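Student: Fold the following and give me the result.
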Amino acid sequence: MTPPTPRTRGEELLLARISAAAGRAHLGRRLATYAAAAYRPHGRNGLFRAIRYLPALVRYGRSDAARAGAGARLDLYERGMTVAVKGRIHVVRYDTTAVFPRRTRPPHDASGPGATRTYTLIDVDRKRIVLQGRPGHGDAEAWEREIRRAVTHAQLPPALAALDSGERIDFGDIWLTSERIGSGETSMPWSQVRRIGRGEEPVVITIDGKRHRLGPMVSNIPNPFVFWAVVERLRADGRTDRP
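Tutor: Next up, the predicted model:
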């Protein structure tokens, strides 16, 4: 068996900085490390600058891409994650972040499996960090799945507790209470809602057989997987009628 290649001095320093940042944020135990496509917002016009795509997966270790000195590294912890991009360490906590998933498909691949998934996350300093993945490239599906699971696990219980105590919770322009769903000044009681079109752009609800647009595009809703989990829980509790 070939022994693992010793880390370089630069790799040791990067790992130390990542561990220190995770410790300050109380992220807990490191669970996995991935190489990822990473972007940082550039200017106010919403454009992003690509850092580099790193296809290799690292789990409980490091990758050949990391040994080559590539600059984007994703470390998942119990309560959050770090993203190392061009020497900067972004720290994300699952209980406070906002995640904006977006799926795009090239025109020549309208019906194929080649959709690119882009995840924009808010770090603990309220800065944006962008991750990108495609099926079959590295292990993007694994870290996407874990981000969705971990953020839902961290944010769903307090959201449900807030609803049970009579509070209103907001997902961007859409708000929910235990009695109503609304956007802006427009709202309707759950008892009238027959269906909410999941995965539609924008969110569409059905009331007495008529479809109504509610709020923004799904891709503009923070943590949409938490939003749908809350809606499903309300349905399970009998506060809305199943279609």
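
Student: Touching the helix or strand hosting Val230 from outside, list them.
Tutor: Val230 is part of helix 224-236 when elements are defined by DSSP states H and E. Under the contact criterion C-beta atoms under 8 Å, 6 or more residues apart in numbering, helix 224-236 has outside partners 99, 101, 148, 151-152, 155-156, 159-160, 163, 169, 171, 174, 176, 178, 190, 196, 198, 218, 221, 240, 242. (Each C-beta comes from the backbone N, C-alpha and C, glycine too.)

Student: Narrow those residues to those in strands?
Tutor: Among the contacts of helix 224-236, the members falling in strands (DSSP state E) are 99, 101, 169, 171, 174, 176, 196.

Student: Just the buried ones from the contacts of helix 224-236, in PyMOL syntax?
Tutor: In PyMOL syntax, the buried subset of the contacts of helix 224-236 is picked out as below (16 or more other C-beta atoms under 10 Å):
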select buried, resi 99+101+148+151+152+155+156+159+160+163+169+171+174+176+178+190+196+218+221+240
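
Student: just to revisit the earlier point, what mean pLDDT does the helix holding Val230 have?
Tutor: With pLDDT averaged residue by residue, helix 224-236 scores 86.

Student: Can I get it as CSV, trimmed to CA atoms?
Tutor: Below are the C-alpha coordinates for helix 224-236, written out as CSV (Å, rounded to 0.1, in the frame of the first residue of the first chain):
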residue,chain,number,x,y,z
PRO,A,224,-36.9,26.6,-0.2
PHE,A,225,-36.4,23.1,1.1
VAL,A,226,-37.2,24.4,4.7
PHE,A,227,-40.2,26.3,3.3
TRP,A,228,-41.6,23.1,1.7
ALA,A,229,-40.9,21.1,4.8
VAL,A,230,-42.9,23.7,6.9
VAL,A,231,-45.8,23.6,4.4
GLU,A,232,-45.9,19.8,4.4
ARG,A,233,-45.9,19.8,8.2
LEU,A,234,-48.9,22.1,8.2
ARG,A,235,-50.6,19.8,5.7
ALA,A,236,-49.8,16.8,7.9
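
Student: Before I go, just wanted to say thanks for your time.
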